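Chemist: Generate a structure from the sequence data that follows.
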Amino acid sequence: MDRQPDEEHTPRVGRTPGAAAVRRRLRWVLRVVGVLVVSLTGIVVGVLLAGHTETDIGPFRAELSITPATHGGTTVAIPPLGALLLDSHSGPTHLTVRLGALDQRRTEALIDNPAGLAQASQSAVTDVRAGVLRLGLRTVGVAVLTALLLAALAFRDSRPVAWSGGLALVITAGSLGWAALTVRPQSIEEPRYEGLLVNAPAIVGDARKIATDFGKYSEQLQRLVGNVGKLYTTVSALPVYEPTPGTTRVLHVSDMHLNPTGWQLIRTVVEQFNIDVVIDTGDMTDWGSEPEASFTSSIGLLKKPYVFIRGNHDSPATAAAVARQQNAIVLDNKVTTVAGLTIAGIGDPRFTPDKSTSPNGSGLTREGADQLIGAGDRLAGTVRGSTVPVNIALVHDPSSAGPLSGTCPLVLSGHTHKRQVSKLPEVPGKTPTLLMTQGSTGGAGLRGLEGEQPTPLSMSVLYFDQQKLLQAYDDITVGGTGQSQVNLERHLVRDPAAGAPAPVTPT
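Modeler: Residues are numbered from 1 along each chain as shown. This is a model prediction of the structure:
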């Protein structure tokens, strides 16, 4: 039986050349894919290595970073408060601006310079633009270099190495160029909020209106602050009251709420009025957060004793930041003697940094009233137990003042953002007690710009004689009506032992 030849072993003409072409085509595809993979890997590694830099934005030290993304945009991170999300640009790159701590030297220069606020707002845009340009060039350079190095390790041929570098350059530069060409400056007016900043619109109102008003208002305040000294020169020349050489001058401030113009005004008054000690009855900050603690650095510039009690917007971290200033004294149910005056003070028992608990918020609850009166009771016990008679007691909320009636001649408070002088109901056989509630030295911060007219900046200079009794006080009011004005009202105490004439306030 004849055996048929096996077809599988029969050679086919033309098989080897076809297989070679397929292999060449496969090698070419693999090389293209390899160049693409190496290029993309180099870009990602380069962005991770070089896609971040630190830069100065006004008084802030900020970190800028670029990351690959499916769509563009910018995140302005303000730890620990949250972040602003801006639809700033298109393209596969996302920019993150992370604000860090305030630089003390630049902050001091900003406060010292009358035009510092305006200059800082203008330079911030330039700072961000320069930082982003520097970051973009650095990212492109490192991404291309990384792609070339990876290609050199993966390929022995110089051509794929060159192709990898070129492709990395095109992709990286193209992505950043796409972002630059699609920048939308108006996105800053329509931010989205994350974290605690979700409450920002409800707290500060329309950001665009506030930005416009604050620009106008700050320009006025910068001129007005310089006029305080001139005004005092005129008023002090009047023969109504002449402080004696032994007079102790106290500056009472309260409720700064992060307004840097307040520091500028305080420094002017301290210098022009020859202040001996500054007393702050709280709410220096808004949220009591760690970044806000840098606001306290201006205390050291005053070079005068600074007595502070915590307000309901100040956290223990705020009080600790104040205490770190060499000239500061923080009182929390304690007594101290400064410039010959014996001062007792207690911090607000609440920590409620939100709009509902602001002076114009939902009002005082029974629980809150009990806390405040309890704080007043504790301080009253401390005052009675003091071995030295107390001249001044400090509380943040005037609701805490009731139990202090008869324990000392004067109680200072803040919180309400409205200046008021009254007498506490007298205790038979005890010294009458005067309650002086200060307005907002910071014009209520950004809240003060919500209305048609900004809240005025308020502070008072108190004059004490050698017996440490109140002889007179000057109420200083700066701005607040949208007009260029500074008001100073001088009040004389005809009978210091009886205290200033004032209506009796209910407790």
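Chemist: quick one: stretch 41-48 to chain centroid distance?
Modeler: 35 Å (Cα atoms, centre = their mean, to the nearest Å).
Chemist: So what touches it?
Modeler: Contact with stretch 41-48 is made by 66-68, 139, 142-151, 164, 168, 171-172, as judged by Cβ atoms under 8 Å, 6 or more residues apart in numbering. (Each C-beta comes from the backbone N, C-alpha and C, glycine too.)
Chemist: pLDDT averaged over it - what is it?
Modeler: Averaging pLDDT along stretch 41-48 gives 83.
Chemist: if I look at A320, how far off is F308?
Modeler: According to Cβ to Cβ, to the nearest Å, A320 and F308 sit 11 Å apart.
Chemist: which among the contacts of stretch 41-48 end up buried?
Modeler: 66, 139, 142-151, 164, 168, 171-172 (16 or more other Cβ atoms under 10 Å).
Chemist: more neighbours, A320 and F308?
Modeler: F308 (28 against 12; other Cβ atoms under 10 Å).
Chemist: Give me the nearest residue to the residue most central in space within the chain, chain neighbours excluded.
Modeler: Centrality entry for the chain: nearest residue to the mean C-alpha point is E292, 4.7 Å, by Cα atoms, centre = their mean. In this structure, E292 finds its nearest non-sequential neighbour in T285, 4.2 Å apart by Cβ to Cβ, 6 or more residues apart in numbering.
Chemist: Name the SS class of the one you found, please.
Modeler: Three-state call for T285 (DSSP: H, G, I helix; E, B strand; the rest coil): coil.
Chemist: contacting residues around it?
Modeler: 256-258, 292-293, 295, 313-315, 318, 353.
Chemist: Turn those residues into a markdown table, columns for pLDDT and distance to A472.
Modeler: What follows is the contacts of T285, written out as a markdown table (pLDDT from 0 to 100; distance: Cβ to Cβ, whole Å):
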| residue | pLDDT | distance to A472 |
| --- | --- | --- |
| M256 | 91 | 25 |
| H257 | 87 | 28 |
| L258 | 84 | 31 |
| E292 | 82 | 35 |
| A293 | 84 | 36 |
| F295 | 87 | 31 |
| H313 | 90 | 31 |
| D314 | 92 | 30 |
| S315 | 91 | 36 |
| T318 | 93 | 32 |
| P353 | 79 | 36 |
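Chemist: before we move on, the earlier item: which of the contacts of stretch 41-48 fall within helices?
Modeler: 139, 142-151, 164, 168, 171-172 (DSSP state H).
Chemist: Could you double-check that I476 lies in contact with P456?
Modeler: No. I476 lies out of contact with P456 (Cβ atoms under 8 Å); the separation is 9.6 Å.
Chemist: intersection of neighbour lists for the two?
Modeler: With Cβ under 8 Å, 6+ apart, I476 and P456 have no common neighbours.
Chemist: Does T336 touch V307 like I think?
Modeler: Yes. T336 sits in contact with V307 when judged by Cβ under 8 Å, with a separation of 6.9 Å.
Chemist: Give the residues shared as contacts by those two.
Modeler: Looking at what touches both T336 and V307 (by Cβ under 8 Å, 6+ apart), the common residues are 329, 343.
Chemist: And the two? Which one has more around it.
Modeler: V307 (25 against 14).
Chemist: Next up, phi/psi of D474, please.
Modeler: The phi/psi pair for D474 (degrees, to the nearest 10) reads phi -110, psi 120.
Chemist: how about G288, secondary structure?
Modeler: With three-state DSSP as the criterion, G288 reads coil.
Chemist: which residues touch it?
Modeler: 313-318, 351, 353.
Chemist: follow-up on the earlier one: got a list of what the residue nearest to the centre of the chain touches?
Modeler: 258, 285-286, 318.
Chemist: Angles on the backbone of it, please.
Modeler: phi -70, psi -20.
Chemist: What separation do you get for it and P353?
Modeler: From E292 to P353 the distance is 10 Å (Cβ to Cβ).
Chemist: closest to D397 among the contacts of T285?
Modeler: For the contacts of T285, the residue nearest D397 by Cβ to Cβ is H313; the value is 11.5 Å.
Chemist: Leaving out chain neighbours, which residue sits closest to P398?
Modeler: S413 (4.3 Å).
Chemist: burial of S422, as a residue count?
Modeler: 17.
Chemist: Tell me the bridge partners for it.
Modeler: Per DSSP bridges, the residues bridged to S422 are L435.
Chemist: Hmm, it is touching L435, no?
Modeler: Yes. S422 is in contact with L435 according to Cβ under 8 Å; the separation is 5.2 Å.
Chemist: thinking again about what came up before, who touches both of E292 and P353?
Modeler: 285-286.
Chemist: Now go through the contacts of G288 and say which are in helices.
Modeler: 316-318.
Chemist: Please list only the buried members of those.
Modeler: T318.
Chemist: which of the ones in helices among the contacts of G288 lies closest to T75?
Modeler: Closest approach between the ones in helices among the contacts of G288 and T75, by Cβ to Cβ: A317, at 24.8 Å.
Chemist: Which pLDDT value does the model give that closest one?
Modeler: Residue-level pLDDT assigned to A317 equals 91.
Chemist: and V29, how many residues sit next to it?
Modeler: 10.
Chemist: Report the buried residues of the helix or strand hosting it.
Modeler: V29 is part of helix 15-50, with elements assigned from DSSP states H and E. Neighbour-count burial for helix 15-50 flags 31, 34-35, 38-47, 50 (criterion: 16+ other Cβ under 10 Å).
Chemist: likewise stretch 267-278?
Modeler: For stretch 267-278, the neighbour count (16+ other Cβ under 10 Å) marks 267-270, 272-273, 275-278 as buried.
Chemist: mind listing which of those residues are in strands?
Modeler: 277-278 (DSSP state E).
Chemist: rewinding a little: can you pull up the bridge partners for the residue nearest to P398?
Modeler: Residues in beta-bridge contact with S413 (DSSP bridges): T437.
Chemist: Could you verify my assumption that it touches H396?
Modeler: Yes. At 6.4 Å, S413 counts as touching H396 under the criterion of Cβ under 8 Å.
Chemist: Assign the closest residue to T337 other than its chain neighbours to helix, strand or coil.
Modeler: In this structure, T337 finds its nearest non-sequential neighbour in V388, 6.8 Å apart by Cβ to Cβ, 6+ apart. Under three-state DSSP, V388 falls in the coil class.
Chemist: Kindly report the same for T75.
Modeler: strand.
Chemist: need the contact list for it.
Modeler: With Cβ under 8 Å, 6+ apart, T75 has these contacts: 83-86, 94-97.
Chemist: again, but for A154
Modeler: Contacts of A154 (Cβ under 8 Å, 6+ apart): 34, 38, 160.
Chemist: how near is it to V38?
Modeler: Counting by Cβ to Cβ - A154 and V38 are separated by 6 Å.
Chemist: Common neighbours of these two, please.
Modeler: The contact lists of A154 and V38 share P160, where a contact means Cβ under 8 Å, 6+ apart.
Chemist: Look up which residues are beta-bridged to the residue nearest to N487 when sequence neighbours are not counted.
Modeler: Spatially, and ignoring its direct neighbours in sequence, N487 is nearest to T477 (4.3 Å; Cβ to Cβ, 6+ apart). Assessed by DSSP bridges, T477 has beta-bridge partners S458, N487.
Chemist: and if you look at V338?
Modeler: With DSSP bridges as the rule, V338 is bridged to L341.
Chemist: okay, it: pLDDT?
Modeler: 96.
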